[in-house]
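J.: Model the structure of this input:
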Amino acid sequence: MQARIVQDMKVPLLGARVARNFIIIEPDPIVAMDVEGILKDHFPAAHVSSGKSLSDVRHVVHVCGAGSTLFVRATLLLEDDHVKRVMRDAVAKQAQIVIIGTHFDVGFPAFFIDMPFTTEMLLDAVAHNGSVSQDGSVAQDGQTVIKIS
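T.: Numbering: from 1, shown residues only. Purely as a prediction, here's the structure:
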């Protein structure tokens, strides 16, 4: 596998034998373990990075792009405008954003999953193709926001 050295850590290049790239930014270690476990079970070839804050996973967030899905706790976006800017930049690089928790106007395309979430909710967010699904997902006007509950 090809890798690029970023801040003394190996980060797989997207498309280099890595089917998916998942980045989890979750301060609650139990929630982070749940998300990571679900992703590793369903996408064993994927690269999964996890951290309690943006600074913990900054090296992978800055090289993310198409094929990347970022999971971020809603409270981190509400508390820190820098996190919101970084997520907006990730969207500009064609990454998918899944926000865990409270639904609010983020100003960029995102999927929301409520707490507590199920495996199916998380996988629906990952597999979503941008259209409103028949399982109750809701799209809002003005931005592509899909709430999966």
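J.: Can you list the residue ranges for strands in the chain?
T.: Ranges of strands in the chain, per DSSP state E, are 3-6, 9-12, 21-25, 47-51, 68-73, 96-100, 110-113, 138-139, 145-148.
J.: Apart from its neighbours in sequence, what residue is nearest residue 28?
T.: Nearest non-adjacent residue to residue 28, counting by Cβ to Cβ, 6 or more residues apart in numbering: residue 73, 7.4 Å away. The C-beta positions use only the backbone N, C-alpha and C, and glycine is treated the same way.
J.: The strands of the chain: lowest mean pLDDT?
T.: Mean pLDDT across the strands of the chain is lowest at strand 3-6; the value there is a mean of 33.
J.: what about the helices in this structure?
T.: For the chain, the helices defined by DSSP state H occupy 29-42, 54-61, 74-79, 81-92, 119-127.
J.: middle-most residue in the chain, spatially?
T.: For the chain, the residue nearest the mean C-alpha position is residue 70 (1.8 Å; Cα atoms, centre = their mean).
J.: I'd assumed residue 90 was in contact with it.
T.: Yes: under the criterion of Cβ atoms under 8 Å, residue 70 makes contact with residue 90 at 5.7 Å.
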